[in-house]
Every structure is written in C-alpha cells, then in structure tokens.
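Peer 1: generate coordinates for the sequence data below:
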Amino acid sequence: MAGVLSGSAGLGPEEHARDLAAHGVPAELHGSFPGHGVGGLARAMGIRFTELGPARAVATMPVEPNTQPAGILHGGAHCVLAETLASTAATVHAGPGRYAVGVDLNATHQRSVARGTVTATCTALHLGSTLTVHEVVVTDEQGRRLSTARVTNLLRDRPAGA
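Peer 2: Coordinates of the predicted model:
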C-alpha cells in the first residue's frame, strides 16, 4: 500500500512521466504537473483521467474502497473527485508556471451507489485569468446523476524553483 500512497515528488523524470501516464494525463500536459504528479489523494482513491482540458475534463473512480460505513460511496469521495477534476482542469487552463487552488466547493448528492465505477464530467462555467469556476457531474455506470458540484479555483504563480 505504501507505493500507492507515496507521491511522485523526488522521482526522476521518467518515473514521474510514467506516474502521470498511468493516471491518464497526456504527455503534452505533463508540464502542468511538476513535483507531485496527480497527488497522493487522487492516486490513493484510484482517480484516472480519461479526458483533460480546461473547458472539459472527465475522470473515473472506483466505488470500492471509497465507501462509508453504510457501504455506499462516501460523500467526501464525491467531493475529492470533483475538486481533483476541476482543480486539474483549472491548472491546465492556467498553463505551465501556474497552478490552481480550490477556494470554494459546493456539492449536492442526488443518489447513492454501492459498487462499480463512477464517472465525473467537469465543464467550465468561467475561465478567467485569476479565477475559474467548473461544474462537475458525477454519474454511475448507468449514466444516472449521483452528485453535482461547483468548484471555484484561484490561479496562482508557482514559486521560483518549484
């Protein structure tokens, strides 16, 4: 399990590229992910990008082991998926040398799911020079809406040397 939870910080360029590719990040976007790759939480939860751009991004996540005691997908897992997807799309929009920081997350859960894989589709509502706003809809394998989130990100410059 330690390998799953370890970050890609400190990995050589080839290992870093393999980590990003394993999570669905296209090679042309690797410059948007210096240092930590997709992040330890996204890695631990099994999030995989299937489409990645500033205006639209899609990712999947397994329901197991991201469940709550009742055996259904944890509401916090919905939020992690939504914020990961929206923040990544915002970082791609920001471009190399900049990154996104989530400043607001609002999620409404419409239905539960106990097994399978969920898919999140992220659509930009606003792509500015300092703020982005994305809507993220999480669906089950039958295409039923499970949750709807709105995520606002602040775009920042990376510190020199980061």
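
Peer 1: residue ranges for the helices of this protein, please.
Peer 2: In the chain, helices defined by DSSP state H lie at 2-5, 13-22, 40-45, 75-94, listed in chain order.

Peer 1: mind putting those helices in CSV, mean neighbour count included?
Peer 2: (Each C-beta comes from the backbone N, C-alpha and C, glycine too.) Conversion of the helices of the chain to CSV gives the following (neighbours: other CB atoms under 10 Å):
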stretch, mean neighbour count
helix 2-5, 8
helix 13-22, 14
helix 40-45, 18
helix 75-94, 23
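
Peer 1: now these in TSV, with mean pLDDT and distance to Leu29?
Peer 2: Converted to TSV, those look like this (pLDDT from 0 to 100; distance: least, CB to CB, whole Å):
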stretch	mean pLDDT	distance to Leu29
helix 2-5	32	22
helix 13-22	81	8
helix 40-45	90	15
helix 75-94	96	6
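
Peer 1: show me the one of those that comes nearest Ser129.
Peer 2: The closest approach between Ser129 and any of the helices of the chain, judged by CB to CB, belongs to helix 75-94 at 8.9 Å.

Peer 1: thinking again about what came up before, Throw the helices of the chain into CSV and include distance to Thr152, thanks.
Peer 2: CSV is the format used below for those (distance: least, CB to CB, whole Å):
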stretch, distance to Thr152
helix 2-5, 28
helix 13-22, 25
helix 40-45, 19
helix 75-94, 8
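
Peer 1: which among the ones you listed is found nearest to Val138?
Peer 2: Taking CB to CB as the criterion, Val138 comes closest to helix 75-94 out of the helices of the chain, the separation being 5.5 Å.

Peer 1: excluding sequence neighbours, find me the nearest residue to Glu64.
Peer 2: Beyond its immediate neighbours in the sequence, the residue positioned closest to Glu64 (CB to CB, 6 or more residues apart in numbering) is Arg115, lying 6.9 Å away.

Peer 1: isn't that neighbour right up against Pro65?
Peer 2: No - with contacts defined as CB atoms under 8 Å, Arg115 does not count as touching Pro65, sitting 11.5 Å away.

Peer 1: between these two, who's got more neighbours?
Peer 2: Between Arg115 and Pro65, counted using other CB atoms under 10 Å, the more crowded position is Arg115 (13 against 10).

Peer 1: distance of the more buried one from Val137?
Peer 2: Using CB to CB, to the nearest Å, Arg115 is found at 20 Å from Val137.

Peer 1: and Val118, by the same measure?
Peer 2: As it turns out, when the distance is counted by CB to CB, Val118 lies 10 Å from Val137.
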